[in-house]
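Colleague: How does the following fold in three dimensions:
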Amino acid sequence: MKGMVIGMRILKQMVLFFYKILTKIMPVNHKIILFESNLGRNFTGNPKAIYDEMVRRGLDRKYRCYIILDDRNTKIQGSAKIIIRSRFRYFYYFAIAGIWISDTRFPQYIIKRQDTTYIQTWHGTPLKKLALDLDAIYMSGETDLQDYKRNFYNNVQTWDYLISQNKYSSVIFRRAFGFKKEILEIGYPRNDILFYKNNKDDINSIKEMLGLPKDKRIILYAPTWRDNEFYGNGIYKFNTGMDFSLLMEELKDDTVFIVKYHYLIKDNIDWSPYEGFIYTFDIDFDISLLYLVSDMLVTDYSSVMFDYSILRRPMLFYCYDLNEYKDILRGFYFDLITEAPGPVVTTTRKLIQSIKEYDYKMYENKYDAFVAKYNHADDGNASARIIEIITKL
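Modeller: Presented below is the predicted three-dimensional model:
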């Protein structure tokens, strides 16, 4: 076993050695585009939305598109090819691709060539403190705050463009990332679908595709991850403090729940006791479709709140660990209690009560202010604007 581990290390060193050579001798090809979302664990979010728009325009046939994924069996529309992280082809295409599109950071050993354009889409408007703004760190695989900040800053210097959802984010990104190049304050490509499929026919079609009932209220529960609750490096637990049995008992007659994990969470949970009440969709499923079919969102500190507010549907905030998360784990950029366009509760019973008694008019003014601050740039055309940049490179 020890010999196998040593052998794998030597092999990786050899691959990295040849990769460095390739970056010096191979020409950059601006017709090759690399896409990655969520560290290659799925293909969703902003990178997928940009690629899907390329497919709609037939540009996936004019460019050679490669998608970095852990699962080579993932179904991808269009002509893109899947490449597996850390395999030889992965390094080969990083060496020659003229365009990179990602919503998370690439590994430190990836070399950004001068002629390559890196479009960083990022993955959300921040409530939680980020990167250089952190005062402490509890994430898996990270032990030293200064090392984390230094590595993050160095990685950011490889980005050529950074997408922002709003002015608020642009200001924070400049400081928290130490980003000095061009910020594209155009809204998020992943939200384009919320404009062109937010209609009764499309929503019913999506419900049919997902096997969801059309005669019951659908509540989407989409919490974030907890930095200090993990199994290993990058693998987080699903701990919510939610009493799902109580939810089912109180709401099952006219309501179903969709539970959507954050992509960093990997937990084997037996949902069979809640059959017919709780529906789950794996990490390969794009949450935008779940926004469209849901009548109400329950979240905590996740950036889903900023995307979902485009739909102006009810939002509730189940924050069972509010003080610990705010004061110890991360810290917030704004006062959630003050700005949240919906009730903030800390127990399942309070959540149930808030669901039953929800009155949109009570939160209408706060909702208007929330949308004005965080959704002013979203208009359904973000993907098209990125493609304009791509076609001019």
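Colleague: What does Leu251 show for phi and psi?
Modeller: With angles defined as degrees, to the nearest 10, Leu251 sits at phi -120, psi -10.
Colleague: Now do Thr260 against Gly45, distance only.
Modeller: Actually, residue 260 is Lys rather than Thr. Distance check for Lys260 against Gly45: by CB to CB, to the nearest Å, it reads 13 Å. C-beta here means a position set from N, CA and C on the backbone, and glycine is covered the same way.
Colleague: okay, now the nearest residue to Gly380 once chain neighbours are set aside: neighbour count?
Modeller: Nearest residue to Gly380, sequence neighbours excluded (CB to CB, 6 or more residues apart in numbering): Phe195, at 3.1 Å. By other CB atoms under 10 Å, the residues close to Phe195 number 15.
Colleague: What residues sit buried inside whichever strand or helix holds Phe195?
Modeller: Taking DSSP states H and E as the criterion, Phe195 maps to helix 193-196. For helix 193-196, the neighbour count (16 or more other CB atoms under 10 Å) marks Ile193, Leu194 as buried.
Colleague: how does the chain divide into domains?
Modeller: What automatic domain parsing lists as the domains of the chain is 2-191+381-392, 193-374.
Colleague: Same list, those domains, but as TSV with mean pLDDT please.
Modeller: Listed next are those as TSV, based on pLDDT from 0 to 100:
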stretch	mean pLDDT
domain 2-191+381-392	94
domain 193-374	92
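Colleague: Please report how far Asn38 lies from Asn46.
Modeller: Asn38 sits 10 Å away from Asn46, taking CB to CB as the criterion.
Colleague: mind listing what Ser303 touches?
Modeller: His123, Gly124, Thr125, Pro126, Leu127, Thr224 (CB atoms under 8 Å, 6 or more residues apart in numbering).
Colleague: can I get those in JSON lines with distance to Met362, neighbour count and secondary structure?
Modeller: What follows is the contacts of Ser303, written out as JSON lines (distance: CB to CB, whole Å; neighbours: other CB atoms under 10 Å; DSSP: H, G, I helix; E, B strand; the rest coil):
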{"residue": "His123", "distance to Met362": "31", "neighbour count": "19", "secondary structure": "coil"}
{"residue": "Gly124", "distance to Met362": "26", "neighbour count": "21", "secondary structure": "coil"}
{"residue": "Thr125", "distance to Met362": "24", "neighbour count": "22", "secondary structure": "coil"}
{"residue": "Pro126", "distance to Met362": "27", "neighbour count": "22", "secondary structure": "coil"}
{"residue": "Leu127", "distance to Met362": "22", "neighbour count": "22", "secondary structure": "coil"}
{"residue": "Thr224", "distance to Met362": "25", "neighbour count": "21", "secondary structure": "coil"}
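Colleague: Same list, those, but as a markdown table with distance to Met139 please.
Modeller: What follows is the contacts of Ser303, written out as a markdown table (distance: CB to CB, whole Å):
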| residue | distance to Met139 |
| --- | --- |
| His123 | 15 |
| Gly124 | 16 |
| Thr125 | 20 |
| Pro126 | 15 |
| Leu127 | 17 |
| Thr224 | 13 |
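Colleague: circling back: isn't the residue nearest to Gly380 up against Asp379?
Modeller: Yes - counting by CB atoms under 8 Å, Phe195 touches Asp379, with 7.0 Å between them.
Colleague: right, and the helix or strand after the helix or strand harbouring Lys361?
Modeller: Per DSSP H and E, Lys361 falls inside helix 360-374. Of the helices and strands lying after helix 360-374 in sequence (DSSP H and E), the nearest is helix 382-392.
Colleague: helices or strands up against that following helix?
Modeller: Helix 382-392 sits against helix 45-56, strand 117-120, strand 161-164, strand 182-185, with contacts defined as 3 or more CB pairs under 8 Å, 6 or more residues apart in numbering; DSSP states H and E.
Colleague: Please list the outside residues in contact with the third one.
Modeller: So that's strand 161-164. By CB under 8 Å, 6+ apart, the residues outside strand 161-164 that reach it are 46, 117-122, 170, 173, 177, 179, 181-186, 188-189, 377, 382, 386, 389.
Colleague: at 6 Å instead, please
Modeller: Ile119, Gln120, Thr121, Ser170, Phe179, Glu182, Ile183, Leu184, Glu185 (CB atoms under 6 Å, 6 or more residues apart in numbering).
Colleague: hmm, which of these are the buried ones?
Modeller: Taking 16+ other CB under 10 Å as the criterion, what is buried in the contacts of strand 161-164 is Ile119, Gln120, Thr121, Ser170, Phe179, Ile183, Leu184, Glu185.
Colleague: For those, work out which two are farthest apart.
Modeller: The largest separation in these, counting by CB to CB, is between Ile119 and Ser170 at 15.7 Å.
Colleague: quick one, strands of the stretch 201-350 of the chain?
Modeller: Using DSSP state E, counting those that start in this stretch, the strands of the stretch 201-350 of the chain run over 217-221, 230-232, 235-236, 255-259, 278-280, 296-299, 315-318, 344-345.
Colleague: er, the stretch 1-150 of the chain I mean
Modeller: Secondary structure of the stretch 1-150 of the chain (DSSP E, counting those that start in this stretch): strands at 29-36, 64-68, 81-83, 97-102, 117-120.
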